[in-house]
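Novice: After the sequence you'll find the predicted model.
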Amino acid sequence: MNAVVLRGPLRHPRYACGVPPRDPSSVASTATQSAEVVARVPVVCASCRAPLTYRDLGRAVDGAHEHTFFNPAGVVYALRCFESAAGARTVGNPDLAFSWFAGWAWQIALCGRCGAHVGWRWEKGGASFVGLVTTAVLEP
């Protein structure tokens, strides 16, 4: 198994420091806390191996984490949904046309390092999520 070296901050979107606050009564030893950090599984770009998000940021949208859709040209995409993907960047203006999630406007998501198409970002009323194409990412 290949090790993935993470560079740059991939932070939990709800907490400025990147991790949720802990209940003081549940704080474990430093060794245990380090093991928790090492155990976090990155989701990386299949083209350049840049970290995009983490597996634990996966979320259900319309009742499922994974979806399969086709675009107007008939190209089929399998997606996994995530709260965010800090290693990706969006291009274009949000668009409601042909959205796979009713009422959600989409933008194309590219790898922040190499520019490969890795999925889309959807937004609606201040909420957002990212759908990453299963063939464009790796989960070591």
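Specialist: Cool, the structure landed.
Novice: those strands in the protein, which residues are they?
Specialist: 42-45, 51-54, 66-70, 76-82, 88-95, 105-111, 117-124, 127-133, 137-138 (DSSP state E).
Novice: Show the pLDDT at residue 18.
Specialist: Residue 18 is assigned 44 on the pLDDT scale.
Novice: cool, and residue 1?
Specialist: pLDDT at residue 1 comes out at 39.
Novice: Centre-most residue in this structure?
Specialist: residue 85 (3.6 Å; C-alpha atoms, centre = their mean).
Novice: right, and that residue touches residue 129 too?
Specialist: No. The criterion here is C-beta atoms under 8 Å, and residue 85 misses it with residue 129 at 9.3 Å. No exception for glycine: its C-beta is placed from N, CA and C like everyone else's.
Novice: Show me whatever sits in contact with both of these two.
Specialist: Common neighbours of residue 85 and residue 129, using C-beta atoms under 8 Å, 6 or more residues apart in numbering, are residue 121.
Novice: what is residue 43 paired to in the beta sheet?
Specialist: residue 53 (DSSP bridges).
Novice: related to what we said a few turns ago, so which of the strands of the chain gets nearest residue 60?
Specialist: strand 76-82 (7.0 Å; C-beta to C-beta).
Novice: between that closest one and strand 127-133, what angle do the directions make?
Specialist: 130 degrees (axes from the mean of the first three to the mean of the last three C-alpha atoms, to 10 degrees).
Novice: helices and strands around strand 76-82, which ones?
Specialist: strand 66-70, strand 127-133 (3 or more C-beta pairs under 8 Å, 6 or more residues apart in numbering; DSSP states H and E).
Novice: In JSON lines: those strands, plus mean neighbour count.
Specialist: JSON lines is the format used below for those (neighbours: other C-beta atoms under 10 Å):
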{"stretch": "strand 66-70", "mean neighbour count": "13"}
{"stretch": "strand 127-133", "mean neighbour count": "20"}
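Novice: That'll do, ta.
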